[in-house]
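> Structure of the sequence below:
(4 chains)
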Protein chains: 2
Amino acid sequence: MLKISELSDQTGLSAHTLRYYEKHGLINASTRSEAGYRYYSEADVRRVEFVKTARNTGFSLDDIGQLLSIRVDKQSHSCQEVTDITRNKLDEVNAKLAELLSMQQTLELLLESCCGGPENATHCSIMEALDAGLKRREIADQAGDVPA
Amino acid sequence: MLKISELSDQTGLSAHTLRYYEKHGLINASTRSEAGYRYYSEADVRRVEFVKTARNTGFSLDDIGQLLSIRVDKQSHSCQEVTDITRNKLDEVNAKLAELLSMQQTLELLLESCCGGPENATHCSIMEALDAGLKRREIADQAGDVPA
DNA sequence: GTTGACCTTAGAGTTAACTCTAAGCTTATA
DNA sequence: TATAAGCTTAGAGTTAACTCTAAGGTCAAC
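Numbering: from 1, shown residues only, chains lettered A, B, ... in the order given. The predicted structure follows:
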C-alpha cells in the first residue's frame, strides 16, 4: 500500500493532481488510515496508470471517466462504445492538426519573406502581409510581388 | 464611420469581442458620439483586420499587442523583432504539432487494433493497450502479439 | 517530547479568450 | 410619442485541468 506521496513519485503525478482526480471521480484510494491518510493498492495504482496513459493519448478527463466506467464492467459494454470515444478523439485531434498545419505553413512563409535583420520595420514583409490579410498568394515570394 | 454592430458585421467579430479587445488595449474607436457610442474610422477598421489576421495565424493577444506597437511606429523597430515573435510562435506551433501527431498516431493504431463491433469489451484491445500503458510496440498489430 | 516532514480538507486562484448579464441610456422608425 | 433595436458600463461566468493556500492533524526519528 502506497501513501499519496509514494504514488506521486511512482506516477509522476503530483499529490494535488491525484486528489483532484479523486474529487472528479476518476480514482480512489481503496483504504484510508484511521487518521484519514490515503493508502493505494496495486489495483488503485493500475487505475491511476490507466488514467495517466489515457491522458497522454489526448483523452479529456471526461472521456477518461467514460473509459473507466467501461473498464470496471467490460461485460456490459461493447467495443463499439470504446471505438466511438476513440474515433471522436481522433476527429478532434485531426481538426486541431489541420488548424495548426495551416498556421505552421503561414508562419513559415512569413519567416521566409522577411529579412529578419536589424533594419527598421518600415517595409517589413511580415507586417505587410498581416496588414493585407495574408491575401498575397505567396505572402511575398522573395521579391514582394503581389497577385493581380 | 462605423458603429460597433457594423464593424462586427464587417469583421465577423462580435461586438462583445471588439469591446474585449479594446479593454485589452488592442483596438480603439477613434471617435465617440456625445452619448458615448463608438465610431470606427477606416484606419480603425484596418487595425481590427490586422488583429483578426494575426489571430487566425495563431498569435496570442499578447503577441498581437507587441506586433501592434511595432505597427504604429515601424521606424523604431527592427525586422528582427518581428521575426523573433513569429519564430517563437512557429516554435510553439511545432511543439504542439508534434504532440498532436503522436496522439494521432496512437489513436489510429488503437482504432486499427479494435474490432469496434457490438461484442462486449472483455477483450477490447484498446482497453488492453491503455491498461498496458501503450507499451506494446505496435499496440496489438492485428493479432495481439506482445513484444518480449 | 519535540522537531520536521507529511497528511487532511475546503475552497480560492490560474490561464486565455472570450461570452454573457443587468441596468440603464440613445436612436431610428412608425 | 411610443416602441424596439441598439448602445453603454462594470463585472460575473465559462472552460479545462490543474495548482495553490490556509489551518490544522499525524507520524517517525532523535
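
> looking only at pLDDT, what's the mean for whichever helix in chain A runs longest?
Secondary structure assigned by DSSP state H gives helix A:79-113 as the longest helix of chain A. Helix A:79-113 shows a mean pLDDT of 97.

> Which element is encountered next along the chain beyond it?
helix A:125-131 (DSSP states H and E).

> how distant is the longest helix of chain A from the center of its chain?
11 Å (C-alpha atoms, centre = their mean, to the nearest Å).

> got the buried residues for that helix?
For helix A:79-113, the neighbour count (16 or more other C-beta atoms under 10 Å in any protein chain shown) marks A:79-83, A:85-87, A:89-90, A:92-93, A:96-97, A:100, A:103-104, A:106-107, A:109-111, A:113 as buried. Every C-beta, even on glycine, is put in place using the N, C-alpha and C of the backbone.

> any bit of that helix sitting next to DNA strand C?
No - for helix A:79-113, no contact with DNA strand C is found by C-beta under 7 Å from any atom of the strand; the gap never falls below 12.4 Å.

> where does the residue nearest the centre of chain A land in three-state SS?
Centroid-nearest residue in chain A: A:Gly58, 5.0 Å away (criterion: C-alpha atoms, centre = their mean). Here A:Gly58 is coil, with the state taken from DSSP: H, G, I helix; E, B strand; the rest coil.

> just checking, what packs against the longest helix of chain A?
Other helices and strands packing on helix A:79-113, by 3 or more C-beta pairs under 8 Å, 6 or more residues apart in numbering or on different chains; DSSP states H and E, are helix A:61-71, helix A:125-131, helix B:79-113, helix B:125-131.

> rerun at 10 Å
helix A:61-71, helix A:125-131, helix B:42-56, helix B:79-113, helix B:125-131 (3 or more C-beta pairs under 10 Å, 6 or more residues apart in numbering or on different chains; DSSP states H and E).

> residue ranges with poor pLDDT in chain A?
Applying pLDDT under 70 to chain A flags residues A:137-148.

> about what we covered before: would you enumerate the residues in contact with the residue nearest to the centre of chain A?
Contacts for A:Gly58 (C-beta atoms under 10 Å, 6 or more residues apart in numbering or on different chains) come out as A:86, A:89-90, A:92-93, A:96, B:99-100, B:102-104, B:106-107.

> And it, how far from DNA strand D?
9 Å (C-beta to the nearest atom of the strand, to the nearest Å).

> Repeat that for A:Val51.
8 Å.

> tell me, how many neighbours does that residue end up with?
24 (other C-beta atoms under 10 Å in any protein chain shown).

> didn't it look like it was pressed against A:Leu7?
No - with contact defined as C-beta atoms under 10 Å, A:Val51 does not reach A:Leu7; the gap is 11.8 Å.

> shared neighbours of these two, anything?
With C-beta under 10 Å, 6+ apart as the test, A:Val51 and A:Leu7 both reach A:Leu13, A:Leu18, A:Ile27.

> who wins for neighbours among these?
Counting by other C-beta under 10 Å, top hit in the shared contacts of A:Val51 and A:Leu7: A:Ile27 with 24 neighbours.

> Against chain B, how distant is that residue?
14 Å (C-beta to the nearest C-beta, to the nearest Å).

> Find the helix or strand that that residue is a member of.
Judged by DSSP H and E, A:Ile27 forms part of no helix or strand.

> so it makes contact with A:Val48?
Yes - using C-beta under 10 Å, A:Ile27 is in contact with A:Val48, at 5.3 Å.

> I'd like to know how many residues surround A:His24.
Neighbour tally, A:His24, other C-beta under 10 Å: 12.

> Please name the nearest non-neighbouring residue to it.
Leaving aside its chain neighbours, A:His24 sits nearest to A:Leu61 (6.1 Å; criterion: C-beta to C-beta, 6 or more residues apart in numbering or on different chains).
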